[in-house]
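Participant: one predicted model, sequence on top.
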Amino acid sequence: MAIVLLGPPGSGKGTQAALLCERLGVPHISTGELLRQAVREGSELGRRAQRFMDAGELVPDELVLDLIEQRLGLDDVRHGYILDGYPRNLAQAEALDQVLARVGLPVRCALAIEVDENEIIGRLARRATEEGRSDDSTAVVRNRLKVYSEQTAPVSDYYRQRKLLHTVDGMGSVEAVNERLYRALPDGST
Ligand code: AP5
């Protein structure tokens, strides 16, 4: 099952993708994590991506597409995967469809997690204190939310038009949200 998880920063994509992957036995592919790993390793890609991430801007499409193409070329995606943080704009959604047509594993379902803005701000402020993620400062979170509404929110329409979109309430406990997401999956995927 090939699933895309959509939602604003702090909506729980990473948390929920990890739990769903465990339940479904498929790999979790997070472009945010792949990029943070590249930054930690000090690779050329990491060096080029870092200033965009620190500012809460999208990393240029061609850099992320390379990363995602490499990851989707590995054997473990053959029985499905969950994509978290990609696609982030319409150009990425179109590029993804082309890559997936080559791999033979088109997106079967896009789950959009919906969370109130106050809850998002609270969650990311807590994480800033507890984990110190560099892009969780108040100013950068504000920009990440702006970038989300301008560039990423339209991606939901892309999947809605293709009748692949399911919206899920992301408020409440991690377990309650996970159950809602699991139940929103199309027949035959669980
Ligand atoms: P990315 O890592 O994808 O960040 P994001 O989308 O901003 O998402 P977050 O990781 O902040 O939130 P999440 O929705 O995954 O929620 P989480 O489960 O972590 O991207 C980071 C940057 O990389 C981007 O800004 C960009 O620069 C770059 N990038 C990445 N992909 C890109 C792409 N495709 N193109 C271009 N650039 C790209 O939860 C958040 C917090 O809330 C956690 O502390 C969690 O414990 C807590 N939490 C989760 N669920 C609940 C709950 N139900 N109740 C209470 N707390 C909860």
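Facilitator: It's in.

Participant: helix or strand for the one residue in the chain that gets nearest to the ligand, which one?
Facilitator: Closest residue of the chain to the ligand, C-beta to the nearest ligand atom: Gly32 (1.9 Å). C-beta: built from backbone N, CA, C; applies to glycine. Taking DSSP states H and E as the criterion, Gly32 maps to helix 31-41.

Participant: show me what that helix is packed against.
Facilitator: In terms of contacts (3 or more C-beta pairs under 8 Å, 6 or more residues apart in numbering; DSSP states H and E), helix 31-41 is packed against helix 44-55, helix 61-72, strand 81-84.

Participant: turn the ones you listed into a markdown table, including mean neighbour count, mean pLDDT and distance to Leu5.
Facilitator: Putting these into a markdown table (neighbours: other C-beta atoms under 10 Å; pLDDT from 0 to 100; distance: least, C-beta to C-beta, whole Å) gives the following:
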| stretch | mean neighbour count | mean pLDDT | distance to Leu5 |
| --- | --- | --- | --- |
| helix 44-55 | 15 | 97 | 19 |
| helix 61-72 | 16 | 94 | 14 |
| strand 81-84 | 25 | 97 | 5 |
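
Participant: tell me how far the one residue sitting closest to the centre of the chain lies from Gly14.
Facilitator: Centre of the chain computed as the mean C-alpha position; nearest residue by C-alpha atoms, centre = their mean is Gly85, 2.0 Å away. Applying C-beta to C-beta, to the nearest Å, the value for Gly85 to Gly14 is 8 Å.
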